[in-house]
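Q: sequence-free structure coming up:
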């Protein structure tokens, strides 16, 4: 038999298919002796059927006539080796994936052979077999439509009572292998998007509807795991911390996108099932309480992780009820969410019982949050929502339990650390951009954009609502009626009905106008903080820009005073950088940051993704390897200062209702006078590049050893040209007197010249990099982590002929550095004159109209 199998035949013919089928029929048992033949026969049959589907229908007609699918099932039953199961699953998967004929697919699905294979007891302890089995199920799901799905289900009285493909697939929905979970999710989506009403009722009926609650339970477990990673990174940051967190974040977001895809299939009640489970398992018991409560055990989630998760849930899961319920919950104080767990509230341990940590979905001991014990209480009349908007900002206690959760977010802005500020801004920005939220909800939260406020008031005036016209044309155009919008009332009532009994209260909080001023106050106070990174403040600038586009109407005198004082303090500190280590890059950095800041606060969405909240700053890695006196540290400080100054400057313009100019108001560069050393040396605008010839006017002979034992002779010059400056070592040209060729050039700024205390002919110089490493992509890694090799300052020790020459070199450096700083100071002068800067942003004033911008080309 084996010899005849290999005899020459036309491979792609019905005769070949007939021969292979006949040989399979003769096989009575599959063992180690004949397994190779059976494997080759199965593989060849799949190849022939796929070929015939595209070229000759007689192939599949033969396949049906001889009931080859039945032979496949028989071979599986008599097989004693797992490799046959692998090949059979692969064979059928290949056939299903490649068959284009609807007639062929109907035949494949129309008998019980397919369901038999789906429910066959494979040994899934073999990981490769499980992989092939899941691929087999996914291949079947790829061919589902309203006609084919009916061939794989069993019905009674027009109701589906059995659907093996779906039931067997979701058994592996929470498998430890990510590829398996991904395949199962793809399969379920293929089922949901068929849109068969009977199947939809089946998947949402007990016990199959448990799949959706188990999904959320699995997601809850992932959230707790992510929180553990974030906490560990804060305590013990390491080189792999970021990649570990990002991997966990990817899984979290994949889960949420899956929720969104499931909801988009439009199956009745699925959106409600997912929404209710997210609220009851995650939002109410774990996330919202963490905004006020210190986590004390491993099943709770910290505030930073909570802020990230709230952002992601609102951004990705597009369920209106879910988004509005989360927003409505922000009006309640922490007492409204009593979690059945041991927690620590301001040092007090309430004895409200405990809950068990959720077991992995699929476990018989799986328990969810005891929602019957969850209580939601309305804020009392003494809620701090009634506090005057300027008083609320004086409270620095971020854990005060009487504050509403909405006020907790604002308290992070005024007294939280950098990460909490970033997270709070992220949540506010996400709420503002969530299209599922009703405008009345945004208005009640105090974050309804001004343009939408005006639109609302205009509509009220047009339809004849009494207060609408008054609001539209009143001096306080941003004020609206006291009270809460209808949409918020509805969701507060739903919280009352579904999640517990509310305390009696006349209204939740103060008017939207008071809430709006609270948000505005918090942002203004944020901009006055010096312990928050400028990058984070930019995100606050974006939020303010969304709320008040080019308007001073809602800024009061206190706001203007706070912003102006903060601006003056920052400007004073920045002016010190004019004599600093990086003065030559100060203008460049300022112009670049001006453009980036303007682009950031005028963008349609925030610059950063929510996951940035979780990622540690690169500074946490560099603090141990970069000395405090390093020029890199000074450069970071300078750039941070410039970012903050630029934001405050643009806010000054913005707060007065002016449009932001594209460029900062600075003077143009001036021509270099003939009397300056740069002109005498014959330098052009490109500077002293190696190999450049220049006149050695005022050059001082010196010696330096760049390598041990190899001393070299040079002529030393310090040269400034505009805002640039260099330390130059040139070799004298033997045939051209008083001329030399530049061999080495280093930045003049930050050179910190110092004559040696024991050797008065030696001059010590610090040689910093020509650029800031974190501004150079080639010197930075992922997420701004700077390569440490670029962080070391160089040192030069120049030996001169005598003490007088050494002192002359020192004097030359100081003189040229002063010229360089003076030019930078001259060009920045209009920037520090706030009146001129604001006037220049007025489109009605042309640049030529301001004489202060006209500078003689030779004025130094």
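A: The structure has been received and is ready for your questions. Here the structure is a predicted model, which means the values were calculated and not measured. Residues are numbered from 1 along each chain as shown.

Q: Look at residue 714 and give its secondary structure.
A: strand (DSSP: H, G, I helix; E, B strand; the rest coil).

Q: Same question for the one 3 residues further on.
A: At residue 717, secondary structure determined by three-state DSSP is strand.

Q: what mean pLDDT does stretch 172-182 have?
A: Averaging pLDDT along stretch 172-182 yields 95.

Q: the strands in this protein, which residues?
A: Under the criterion DSSP state E, the chain contains strands at 154-156, 159-162, 693-695, 700-707, 710-721, 724-732, 739-747, 754-755, 762-767, 794-800.

Q: by contact count, what packs against the third one?
A: To tie it back to what came earlier, the one meant is strand 693-695. helix 677-681, strand 739-747 (3 or more Cβ pairs under 8 Å, 6 or more residues apart in numbering; DSSP states H and E). No exception for glycine: its C-beta is placed from N, CA and C like everyone else's.

Q: Which one of the ones you listed lies nearest to residue 243?
A: Residue 243 lies closest to strand 739-747 among those, at 35.4 Å (Cβ to Cβ).

Q: picking that back up, quick one, which of the strands of the chain is packed in tightest?
A: Ranked by mean neighbour count under mean count of other Cβ atoms under 10 Å, those are led by strand 724-732, which reaches a mean of 23.

Q: contact partners of it?
A: Contacts to strand 724-732, defined as Cβ atoms under 8 Å, 6 or more residues apart in numbering, come from residues 584, 687-688, 694, 696, 699, 702, 704, 713-720, 739-749, 751, 765, 767, 796, 813, 816-817, 819-820.

Q: Specify the angle between it and strand 700-707 in degrees.
A: 90 degrees (axes from the mean of the first three to the mean of the last three Cα atoms, to 10 degrees).

Q: for the record, mean pLDDT for strand 724-732?
A: For strand 724-732, the per-residue pLDDT averages 94.

Q: Same check on stretch 148-159?
A: 93.

Q: can I get the helices and strands packed on strand 693-695 in TSV with distance to residue 174 and mean pLDDT?
A: Below are these laid out as TSV (distance: least, Cβ to Cβ, whole Å; pLDDT from 0 to 100):
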stretch	distance to residue 174	mean pLDDT
helix 677-681	71	86
strand 739-747	58	94
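
Q: The residue nearest the centre of the chain and residue 66, how far apart?
A: Against the mean C-alpha coordinate of the chain, by Cα atoms, centre = their mean, the closest residue is residue 609 at 2.3 Å. Distance from residue 609 to residue 66, counting by Cβ to Cβ, to the nearest Å: 57 Å.

Q: mind giving me TSV with the strands of the chain and columns for distance to residue 524?
A: Listed next are those as TSV, based on distance: least, Cβ to Cβ, whole Å:
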stretch	distance to residue 524
strand 154-156	65
strand 159-162	60
strand 693-695	53
strand 700-707	54
strand 710-721	41
strand 724-732	38
strand 739-747	39
strand 754-755	45
strand 762-767	41
strand 794-800	44
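
Q: Contact partners for the residue lying closest to residue 542 once chain neighbours are set aside?
A: Spatial nearest neighbour of residue 542, chain neighbours left out: residue 601 (4.8 Å); criterion: Cβ to Cβ, 6 or more residues apart in numbering. With contact taken as Cβ under 8 Å, 6+ apart, residue 601 is in contact with 538, 541-542, 544-545, 647, 650, 654.

Q: same thing but 10 Å
A: By Cβ atoms under 10 Å, 6 or more residues apart in numbering, residue 601 lies in contact with 538-546, 607, 647, 650-651, 654, 660.

Q: Tell me the one of those residues nearest residue 531?
A: Of these, the one sitting nearest to residue 531 (Cβ to Cβ) turns out to be residue 540, at 13.8 Å.

Q: Contacts only, for the closest one.
A: Contacts for residue 540 (Cβ under 10 Å, 6+ apart) come out as 413, 421-422, 424-425, 428-429, 522-524, 526-527, 529, 532, 601, 647, 651.
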